[in-house]
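Student: Here you go, sequence then predicted model.
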Amino acid sequence: MRIVLVLRLIVLALLVAFIIAPQGFAPLFAPLTRFDAPPIYTQTSILSLTLSHLGIVAVATLAATVIAVGFAILVTRPFGEEFLPLSRAVANIGQTFPPVAVLALAVPVLGFGTGPTLVALFLYGLLPIFENALTALTGLSPAVREAARGSGMTGWQRLVQVELPLAFPVILAGIRLSAVISLSTATIGSTVAARTLGEVIIAGLLSGNTAFVLQGGLVVGALAVLIHDGFVAFESLVTRRTGGAARDFETSVS
Amino acid sequence: MIAIRFLSPVQQRFDKLGVVIAALGLFALYAQPFLASRANRIVPGEPLMIWQAPGAGGWPMMAALTIAFGVLLFRTAPIVRLGTASAALLGLAIAVGLGASSVLSPGDSFARISPGSGFWLMGFALALAATDGLARLRLGPVARLGVLVAVIVAVVAILASGIWDDLAAMREYQSRSAAFWRELNTHLFLAFGAVGAAIVVGVPVGIVCYSLPKVRGAVLGVLNIVQTIPSIALFGLLIAPMAWIGANIPGASALGIAGIGVAPAFVALFAYSLLPMVSNTVVGLEGVPRDASEAARGMGMTGAQRMAEILLPLAFPVILTGIRIVLVQNIGLAVIAGLIGGGGLGIFVFQGIAQTAMPLVLLGAIPAVAMAFTAAIILDAGVELSRKGIA
Amino acid sequence: MIEIENLTKLYDGRAVVDDVTLTVPAGEIAAIVGTSGSGKTTLLRMINRLVEPSSGSIRIDGRDNRDVPAHELRRHIGYAIQGHGLFPHQDVARNIATVPRLLGWDKRMISERVDELLALFQLDPAEYRKRMPHELSGGQKQRVGVARALAAGPSVLLMDEPFGALDPIIRHKAQEDLLDIQRRLGTTIVLVTHDMDEAVRLGNRIAVMSEGRVRQYARPEEIIAAPADDFVLAMLGTGDRAFRLLSLRTVAEALEAGEAEGTPIVDTASLREAYAEMLWSRRAALPVSRAGALVGRVTRAACEKAATRQP
C-alpha cells in the first residue's frame, strides 16, 4: 500500500513539474522526434491547455451530476415513477452510443470550439451517474426503507436522511466513472477545435511527431489515474462510514 | 393523521411521459424545419417547414402525426403506445425521403437536402415513446430479438426501396459506395477481431489471475492504467512500434503490420479490450457458488476438469457480459481509427467534420451507432438466456 | 473402516485439529459434533484430502489415503455437503453421474445407475432425470446430493452438515431415509453436525470435538450416561438427558407380556414416544403391536427404568 502511495506522489510531482516547466523534459522526449522537430509542444502552453481541459471536464461533470442525480431522484419518487422504465432503458442503451458520435453530432448544432465538446461530455457523462444513482436509490434494502417509513419519516426526510446518504458511495462511483471518461473523451474534442490537451496529441499525429503524441497522452493518462484514485480513496472513506459497498470494476474507454 | 391521495380525473387520463413527448413532438412538427435545403454541399442550409415539402405528405401527414402525438398523450396500454410510435416513426421515415425528393429540382446534382431539426426532434420523441412502450411490455430476450429483426427488416426495406436516395447522407453514400463498404468491413474487422483476440488472451489470463491472487493485483493494475490512456494517444503511440515491427520482423509486413493502416488501431483496441475481459472472467469465476466448486473438488475432479466442467460454464454469463462491454466499446472506439489512417467508418466522420459536411458525418456515425445498438441488444439477450440456463 | 491416527492440522502455528485418534468401524455411522470452529469440518476434509494434514495419518480399509493422488482418492469416497452443492447448470441425471463419468464408466451403465439411485431415493426417474436443480424442492435437492455422493458405490461416505439447510419436518424424514439406505448398503459414514440430537439419532458412535480435540468418542448411550467432561455435558444439555436415553431405545426392547387399554403403539417406536403417549393419555401401560398384531405391552415403570442413569 505504501509503495503505491509513493508511486502516486511521484506521478503527481512529475505531472506538476511537466505542466509548469515542460522544457525541462525536452531531453527525455528528443529521441522520439525526427528531422530536428521540437520535442516539446509550444504552440500553446501546456499549463493553459491542462487548465482548460480540466475546466471543461469539471463543468461538464458537475452539470451532469446535478441533472443526473436530480432526475434519478425524480423518477424514484411516486410522482415520477411513470418515467422509471424508460429511464432504465435509455440509461442502458444510451451508453452504447459512441462518445465520438455524440461529439460529431453536436458540431452541426453548436459549431466548432469548446461548446460542442462541453455539451457532448455533459450528455455522455449523464448516463453513468444516472445509472448508478438509479441503481443505488432503487436497490436500497427493503428493511431499511420500511424502518424509515415505520419510524414516521416524511418522504423528504427519508430521501435526505436515509436514501441519499446510503446511495452516496454508489453515486460517487458513477461520478468517478463519468469524470474519467470525460477526461479521455475531451481529447477528441480537439478535432473540433476545443482547447484541450488533445491539441498536443493531434498536432503530433498531423506532423508525425511521436513526442507530442506521447506527452499529450501521458499528461491525460496521469490526470486520469490521479483523479480516479482520488475518487476511489474518497469513496472508500465514505463507504466505510456507511458500511455499504460501492461497485468495483467499472471500465470504459473513449 | 391519514392522508389518502386521489388522482384527479385529469391526472388519471394523461400519461406524464406522454405529455412531454407530445409537447416536444408537436413543437417539432409545427415550429421546427422538417428539412434543410442547400444549393451545394458546403453552403449553409435553408430551413423548410413540413408543409413546404409537398412530397412529405402535406396536411394528411401532419394530421396523422398530430393524431399520433395525441394518442401518446393519454394513458393507454403499452402495446398501443408502441404500435402508435412505431407507425409514426415509419411514416416519418417515408415522409422525410419523399419530402426531400419533392423539393429537389430534377437533374440538380449539387443541391443537398438534409433532415431538419423538426425531423430529428420528432424522431427522438417517437423513439422515446417506442422505447417506453417496449420497456413497459417487459419482453423476454427472444421477443426482444424479434423486435430487433423487425426493425432491421424495416430499415433495409426503406433503403432498398430508394425512398431515401435523395437525402444528402445517401448522396454522400452514392458518390463513395465502394469506399463505404470497404471501410465498413475494416470497421467490423477492427471491432470483432480485437474482441476475438481479447477473448483468446483475456480468458486464460483471467483464469490465471483467479487461480493466483498474487498475480491478479499486478495484471489488473497494469490493464487499468492502459485503460486511462486516451484513445487517440494510444492509437498514435502505436504507429511507431508497429512501423518498426513491420520493417524489422520478417513476415510481419506480409501480415499487414505497418505503422500506417489497421495494425496500430487493432492493437490499441485489443489493449483496451483486455481489462474488461480479464476482470469479468475473474469476477465470474469468483461468483461461482462455493458449494458447487467445493463439491466438484470433493468428488475428485482435477483442477482442469473443475475449470472446464463447473467453473467456466457457471462464469459464462459474466464473461459474456464482458464480451458485450468490449464489443460495444470497440465499435465506438474503432471510429477513432479514422483519425490515424486506420480506416473504418471514422474516416467519413472526420472527413465530414473537416469539411463541415454533416451528411458525411452521419454516413459514418449512424452505421456505427446502429451496429453498437444491435450488438448490445443481441448480447444482452444472450446474457439473459445464458443466465436462465443456470439459475 | 477408517483409522485416524495422531492427526494434527496447523494453521499459522495454531492447531485446528489437535492430535486426533479415532477409528470408525466398517458399516457404522460416526457423528462428529462440536461448536463452530471446533475443527470438526477440517477433520472430515482431511479424510478425503480436501485439506492435507500437518502430521498424522489416515487409513481407509487398511490403505493410507496418501497412496493415490488426491483426486483419485476422492472419486472413491462419497462426499455430501450442506446446501447440497449441486451443479446448477447440469440436470439431475448428469449431477448424479459426476463420479461414474470421472471414473470412465460406460454410458449405459451410468444411465442404469442413475435410475437405480433415483428410485432408491424415491424420485421417479422418468420425471426427475431431466430436471434442473432449481426445479427441485429443498428436500429433493438434498436427496439428489446424497444420491450423487453414493453414485459410484463408495464404501465410505463423508457428510458435512448434510441436513443443515432443511426445515425440521423434512430433516426428520431425510435422517430416517439416510439410516434406511445406510442399513441397506452398509456404507461407512462420517457425518459432521452441530446438532447433538442429530448425532444421537444417527450416530453409532459420537465424537464430541472442541478446540481441535476429541473430548469423547463413544456410543451415544455412554456419552449420555457418562459425559467425559463439562464441555460434553454442556453439548448434551442436562435438562433432557433422560429423554435422550429414552429416545435411543425402542419399545421392542422394553416389551413385556400382558395387556393394556387403549390404542396400541408399534414396537419400532422409541420409548420416548411411548412414555409421552402414556403421560398424555394418563395410562400406566400401552398395548404394543407388531405388523398389526398385539404382542404385549410396555409400562411406565419400564420406561422410567430405561431413563435412569446406569451404574
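Tutor: Nice, I can see it.
Student: what does the lowest-mean-pLDDT helix or strand in chain C rub up against?
Tutor: Here the helix or strand of chain C ranked lowest by mean pLDDT, DSSP states H and E is helix C:241-248, holding a mean of 83. Helix C:241-248 has contacts (Cβ atoms under 8 Å, 6 or more residues apart in numbering or on different chains) with C:197, C:200-201, C:220-221, C:224-225, C:236, C:270-272, C:275, C:303, C:306-309. Every C-beta, even on glycine, is put in place using the N, C-alpha and C of the backbone.
Student: List only buried entries from these.
Tutor: Using 16 or more other Cβ atoms under 10 Å in any protein chain shown as the burial test, the contacts of helix C:241-248 include C:200-201, C:220, C:224-225, C:236, C:270-272, C:275, C:303, C:306-307 as buried.
Student: could I have the least confident helix or strand of chain C exported to CSV, CA atoms only?
Tutor: Provided in CSV are the C-alpha atoms of helix C:241-248 (Å, rounded to 0.1, in the frame of the first residue of the first chain):
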residue,chain,number,x,y,z
ARG,C,241,-30.7,-36.4,29.3
ALA,C,242,-33.3,-38.8,30.5
PHE,C,243,-35.4,-38.3,27.4
ARG,C,244,-32.4,-38.6,25.1
LEU,C,245,-31.7,-42.0,26.7
LEU,C,246,-35.3,-43.0,26.1
SER,C,247,-35.1,-42.0,22.5
LEU,C,248,-32.3,-44.4,22.0
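Student: Quick one: name whatever helix or strand follows it.
Tutor: strand C:265-266 (DSSP states H and E).
Student: Could you identify the helix or strand that succeeds that following strand?
Tutor: Criterion used, DSSP H and E; the element after strand C:265-266 is helix C:271-281.
Student: Just give me the longest helix of chain B.
Tutor: Using DSSP state H, we find that the single longest helix of chain B is helix B:177-211.
Student: Any chance you could list what contacts stretch A:125-142?
Tutor: Taking Cβ under 8 Å, 6+ apart as the rule, stretch A:125-142 contacts A:60-61, A:64-65, A:67-69, A:71-73, A:75-76, A:87-88, A:91-92, A:94-95, A:162-163, A:166-171, A:173-175, A:177-179, A:181-182, A:247, A:250, A:252.
Student: redo that, cut-off 7 Å
Tutor: The set of residues external to stretch A:125-142 that reach it, using Cβ atoms under 7 Å, 6 or more residues apart in numbering or on different chains, is A:60-61, A:64-65, A:67-69, A:71-73, A:76, A:87-88, A:91, A:94-95, A:163, A:166-167, A:170-171, A:173-175, A:177-178, A:181-182.
Student: can you tell me which of these are in strands?
Tutor: Among those, no member is found in strands (DSSP state E).
Student: near chain B, which of those show up?
Tutor: When contact is defined as Cβ under 7 Å from any Cβ of the partner chain, these meet chain B at A:Arg88.
Student: centre of the chain versus stretch C:168-179, how much separation?
Tutor: Centroid separation for stretch C:168-179 versus its chain: 10 Å, with Cα atoms, centre = their mean, to the nearest Å.
Student: Alongside chain C, which residues does the stretch 201-350 of chain B contribute?
Tutor: Close to chain C, as judged by Cβ under 7 Å from any Cβ, the stretch 201-350 of chain B has residues B:289, B:291-292, B:294-295, B:297-302, B:310, B:313-314.
Student: What subset of the residues you listed is buried?
Tutor: Of those, these count as buried by 16+ other Cβ under 10 Å: B:289, B:291-292, B:294-295, B:297-301, B:310, B:313-314.
Student: Now B:Leu26: closest residue in space that isn't a chain neighbour?
Tutor: Ranked by Cβ to Cβ, 6 or more residues apart in numbering or on different chains and with sequence neighbours excluded, the top spatial neighbour of B:Leu26 is B:Phe69, at 5.5 Å.
Student: what's the pLDDT at residue 9?
Tutor: All of this refers to chain A. Listed pLDDT for A:Leu9 reads 87.
Student: Hmm, no, I was thinking of chain C.
Tutor: With respect to pLDDT, C:Lys9 has a value of 93.
Student: now swap in A:Val107 and tell me
Tutor: pLDDT, read off for A:Val107, is 76.
Student: try B:Pro313
Tutor: Confidence score, pLDDT, at B:Pro313: 94.
Student: so where's the stretch 151-254 of chain A uncertain?
Tutor: Filtered on pLDDT under 70, the stretch 151-254 of chain A yields the residue ranges A:242-254.
Student: go on, the stretch 51-200 of chain C?
Tutor: Judged by pLDDT under 70, no stretch of the stretch 51-200 of chain C qualifies at all.
Student: need the helices for it, in chain order.
Tutor: C:70-75, C:92-96, C:98-102, C:107-120, C:125-128, C:138-149, C:168-185, C:196-202 (DSSP state H, counting those that start in this stretch).
Student: I'd like those helices as JSON lines, with distance to B:Val43 appended.
Tutor: Formatted as JSON lines, the helices of the stretch 51-200 of chain C follow (distance: least, Cβ to Cβ, whole Å):
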{"stretch": "helix C:70-75", "distance to B:Val43": "77"}
{"stretch": "helix C:92-96", "distance to B:Val43": "70"}
{"stretch": "helix C:98-102", "distance to B:Val43": "74"}
{"stretch": "helix C:107-120", "distance to B:Val43": "76"}
{"stretch": "helix C:125-128", "distance to B:Val43": "75"}
{"stretch": "helix C:138-149", "distance to B:Val43": "73"}
{"stretch": "helix C:168-185", "distance to B:Val43": "81"}
{"stretch": "helix C:196-202", "distance to B:Val43": "88"}
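Student: Let me know which of the ones you listed is the nearest to chain B.
Tutor: Proximity to chain B (Cβ to the nearest Cβ) singles out helix C:70-75 among the helices of the stretch 51-200 of chain C, at 3.4 Å.
Student: Mind giving me the packing neighbours of that closest one?
Tutor: Under the contact definition 3 or more Cβ pairs under 7 Å, 6 or more residues apart in numbering or on different chains; DSSP states H and E, helix C:70-75 sits against no other helix or strand.
Student: Would you reformat the residues of the stretch 201-350 of chain B next to chain C as a markdown table and include secondary structure and distance to C:Gly85?
Tutor: Below are those laid out as a markdown table (DSSP: H, G, I helix; E, B strand; the rest coil; distance: Cβ to Cβ, whole Å):
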| residue | secondary structure | distance to C:Gly85 |
| --- | --- | --- |
| B:Pro289 | coil | 8 |
| B:Asp291 | helix | 4 |
| B:Ala292 | helix | 6 |
| B:Glu294 | helix | 6 |
| B:Ala295 | helix | 3 |
| B:Arg297 | helix | 10 |
| B:Gly298 | helix | 8 |
| B:Met299 | coil | 9 |
| B:Gly300 | coil | 14 |
| B:Met301 | coil | 12 |
| B:Thr302 | coil | 18 |
| B:Ile310 | helix | 10 |
| B:Pro313 | helix | 15 |
| B:Leu314 | helix | 12 |
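Student: re earlier: moving C-terminal from the longest helix of chain B, which element do we reach first?
Tutor: helix B:213-228.
Student: distance of B:Pro106 from B:Asp166?
Tutor: Computed as Cβ to Cβ, to the nearest Å, the B:Pro106 to B:Asp166 distance reads 11 Å.
Student: Give me the domain ranges for chain C.
Tutor: C:2-237, C:243-306 (automatic domain parsing).
Student: what do you get for chain B?
Tutor: B:11-138, B:177-388.
Student: which one of the ones you listed is the most hemmed in?
Tutor: domain B:177-388 (a mean of 20; mean count of other Cβ atoms under 10 Å in any protein chain shown).
Student: Distance from the chain centre to it, please.
Tutor: On Cα atoms, centre = their mean, the centre of domain B:177-388 falls 15 Å from the chain's centre.
Student: Quick check, A:Leu172 in contact with A:Thr239.
Tutor: No. When contacts are counted by Cβ atoms under 7 Å, A:Leu172 is not listed as touching A:Thr239 (8.7 Å).
Student: Which single residue in the stretch 101-250 of chain A comes nearest to chain B?
Tutor: A:Gly217 (2.6 Å).
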